[in-house]
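Trainee: sequence plus predicted model, see below.
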Amino acid sequence: MDFVVTLIQPADSSVLITGGTGSFGRTMVHDLLREGYGEIRVFSRDEAKQDAMRHDTGDARVRYYIGDVRDYESVLAASRSVTHVFHAAALKQVPSAEFFPMQAVQTNIMGSANVIRAAEASGARSVVCLSTDKAVYPINAMGMTKAVMEKVAQAHGLENRDASTTVSCVRYGNVMYSRGSVIPLFISQIKAGKKITVTDPLMTRFMMSLAHSVDLVKYAFESAVQGDIFIRKAASCTVGDLARAVSELFGAGPDIQVIGTRHSEKLYESLATREELARAEDRGDYFRIPADSRDLNYAPYFDEGEKISPSMTDYDSHSAERLDVAGVKDLLLTLPEVRRELEAWPV
Ligand SMILES: O=c1ccn([C@@H]2O[C@H](COP(=O)(O)OP(=O)(O)O[C@H]3O[C@H](CO)[C@H](O)[C@H](O)[C@H]3O)[C@@H](O)[C@H]2O)c(=O)[nH]1
């Protein structure tokens with residue numbers, strides 16, 4: 001059978017971004033506008049953030065939809081005739097998901113199922129769902145609900161072999177300088193003349209720039225097959241080295257106070273398990289983890305295992321390429337936000 005590949009031109013595409021007013025959404029909108037996309041729909045709950053974004057962006061190709069992923073009708077209304085969906089809406093703060101796990105279930109699991117169902121009902125070609133390293137061996141409700149979101153995304157193709165919408169996921173590490181994260185916190189502590197609060201100097205995290213996370217979503221968007229999970233390889237660092245790098249850049253201390261590990265956080269994060277890596281494709285900057293394509297007949301799950309080399313290990317932030325203090329400083333200086341903070345700070 002011959003396959004006819006029809007390439008959709010950006011100008012003929014209509015993209016929906018759920019959670020579109022967040023850092024990812026705003027960056028993606030600007031990228032898509034630059035690439036000449038015909039219509040971009042920003043879907044979110046907060047009218048004030050949409051209003052601010054409308055003023056900043058000032059482009060009639062961007063349309064704004066108020067709604068909540070928990071409400072199927074509101075997602076469906078925003079999905080009509082879209083060609084692609086980027087699903088970024090989530091409850092992603094670890095503590096709030098711990099306090100209110102059912103809220104995380106409703107947004108991250110039920111909401112994601114609604115987004116996928118609405119995309120399929122609208123004939124969209126693809127959905128890319130944003131996940132996190134905290135979904136791998138999850139210990140907190142945010143990670144657990146994101147892990148189930150990944151399963152829901154993969155079940156879409158398993159349950160319906162003729163599905164017209166390709167659903168994939170991407171897993172992020174920590175996005176540097178994202179709202180409420182540790183880098184802006186360290187900078188504000190230095191600027192206020194306070195000690196830098198470090199949980200555990202030996203704790204490690206994957207460091208990703210926002211630009212790299214947008215690249216990862218675009219990569220999935222361009223190359224995903226039903227049920228794929230994509231990971232972008234990233235370097236990691238210890239929190240102690242991160243604190244030292246920020247202090248040196250801002251000409252401070254280092255004046256560090258060790259406060260201890262917070263509830264529901266891990267010493268290190270994993271972007272992929274050894275079992276996933278055993279069937280993953282190494283694509284240079286990325287790993288592609290294909291979905292388990294055994295059918296819904298239970299027998300193959302019990303009778304057909306995979307041989308995995310004993311030398312295969314997880315891809316985690318303890319064993320990944322490790323940046324030293326100089327390397328972290330170089331990476332920090334690639335971030336426009338950090339450069340802006342430095343310009344406004346007399347070192
Ligand atoms: O005062 C602090 C706060 C944090 N940390 C450490 O800095 C690292 C990063 O902490 P962040 O709070 O920036 O990030 P988390 O890994 O806890 O979680 C982040 O990434 C998640 C996705 O993986 C969610 O997006 C979440 O909202 C976001 O904060 C962690 O090792 C943490 O222990 C400190 O040393 N001192």
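Mentor: Okay, I see it.

Trainee: next structured bit after the worst-scoring helix or strand of the chain on mean pLDDT?
Mentor: Here the helix or strand of the chain ranked lowest by mean pLDDT, DSSP states H and E is helix 299-303, holding a mean of 71. Using DSSP states H and E, the helix or strand that follows helix 299-303 towards the C-terminus is strand 315-316.

Trainee: so for that following strand, mean pLDDT?
Mentor: Across strand 315-316, pLDDT averages out at 97.

Trainee: show me the contact partners of that strand.
Mentor: Residues outside strand 315-316 that contact it (CB atoms under 8 Å, 6 or more residues apart in numbering): Ile231, Tyr268, Glu269, Ser270, Leu271, Ala272, Leu277, Phe287. For every residue, glycine as well, the C-beta is placed using N, CA and C.

Trainee: let's verify the last one: helix, strand, or coil?
Mentor: At Phe287, secondary structure determined by DSSP: H, G, I helix; E, B strand; the rest coil is strand.

Trainee: where does the prediction get shaky in the protein?
Mentor: In the predicted model, the chain carries pLDDT under 70 at residues 1-8, 296, 301, 347.

Trainee: contact residues of it facing the ligand?
Mentor: When proximity is defined as CB under 6 Å from any ligand atom, the chain approaches the ligand at 92-94, 132-134, 174, 180-182, 185, 197-199, 203, 205, 239, 265.

Trainee: how does it look with 5 Å?
Mentor: Within reach of the ligand by CB under 5 Å from any ligand atom, the chain has these residues: Lys92, Gln93, Thr132, Lys134, Asn174, Ser181, Val182, Thr197, Val198, Thr199, Met203, Val239.

Trainee: just among those, which is most surrounded?
Mentor: Lys134 (27 neighbours; other CB atoms under 10 Å).

Trainee: checking that one next. Helix, strand or coil?
Mentor: Going by three-state DSSP: Lys134 is helix.

Trainee: just list the residues touching it, thanks.
Mentor: Neighbouring residues of Lys134 by CB under 8 Å, 6+ apart: Val94, Asn140, Met142, Gly143, Lys146, Glu269.

Trainee: can I get those residues in JSON lines with neighbour count and secondary structure?
Mentor: As requested, the contacts of Lys134 are arranged in JSON lines below (neighbours: other CB atoms under 10 Å; DSSP: H, G, I helix; E, B strand; the rest coil):
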{"residue": "Val94", "neighbour count": "19", "secondary structure": "helix"}
{"residue": "Asn140", "neighbour count": "19", "secondary structure": "coil"}
{"residue": "Met142", "neighbour count": "25", "secondary structure": "helix"}
{"residue": "Gly143", "neighbour count": "24", "secondary structure": "helix"}
{"residue": "Lys146", "neighbour count": "29", "secondary structure": "helix"}
{"residue": "Glu269", "neighbour count": "26", "secondary structure": "coil"}
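
Trainee: Asn297: which of the residues you listed is nearest?
Mentor: Lys146 (28.0 Å; CB to CB).

Trainee: I'd like to know how far the closest one sits from Thr334.
Mentor: 27 Å (CB to CB, to the nearest Å).

Trainee: same question for Ala326.
Mentor: According to CB to CB, Ala326 stands 14 Å off from Thr334.

Trainee: ok, Gln106 next?
Mentor: Applying CB to CB, the value for Gln106 to Thr334 is 37 Å.

Trainee: more crowded one of the two?
Mentor: When Gln106 and Thr334 are compared for neighbours, Gln106 comes out ahead with 16 against 12, by other CB under 10 Å.

Trainee: does that one sit in a helix, a strand or a coil?
Mentor: helix.

Trainee: correct me, but it touches Arg70?
Mentor: Yes. Between Gln106 and Arg70 there is a contact at 5.2 Å, judged by CB atoms under 8 Å.

Trainee: circling back: can I get the residues of the chain next to the ligand in a markdown table with distance to Ser14 and secondary structure?
Mentor: Below are those laid out as a markdown table (distance: CB to CB, whole Å; DSSP: H, G, I helix; E, B strand; the rest coil):
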| residue | distance to Ser14 | secondary structure |
| --- | --- | --- |
| Lys92 | 26 | coil |
| Gln93 | 31 | coil |
| Thr132 | 27 | strand |
| Lys134 | 31 | helix |
| Asn174 | 32 | strand |
| Ser181 | 32 | coil |
| Val182 | 37 | helix |
| Thr197 | 45 | strand |
| Val198 | 46 | strand |
| Thr199 | 43 | coil |
| Met203 | 42 | coil |
| Val239 | 42 | helix |
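
Trainee: mind listing the strands for the stretch 101-250 of the chain?
Mentor: Along the stretch 101-250 of the chain, the stretches classed as strands by DSSP state E, counting those that start in this stretch are 126-132, 166-172, 174-175, 196-198, 204-208, 229-232, 236-238.

Trainee: centre of the chain to the first one, how far?
Mentor: Averaged C-alpha coordinates place strand 126-132 at 7 Å from its chain's average position (CA atoms, centre = their mean, to the nearest Å).

Trainee: and for Arg283, the neighbour number?
Mentor: Residues lying near Arg283 (other CB under 10 Å) number 13.

Trainee: tell me the bridge partners for it.
Mentor: Beta bridges link Arg283 to Tyr286, judged by DSSP bridges.

Trainee: next: Thr18.
Mentor: Phe43, His87.

Trainee: from Ser96, how far off is it?
Mentor: 18 Å.

Trainee: so between these two, which is more surrounded?
Mentor: Thr18 (31 against 14).
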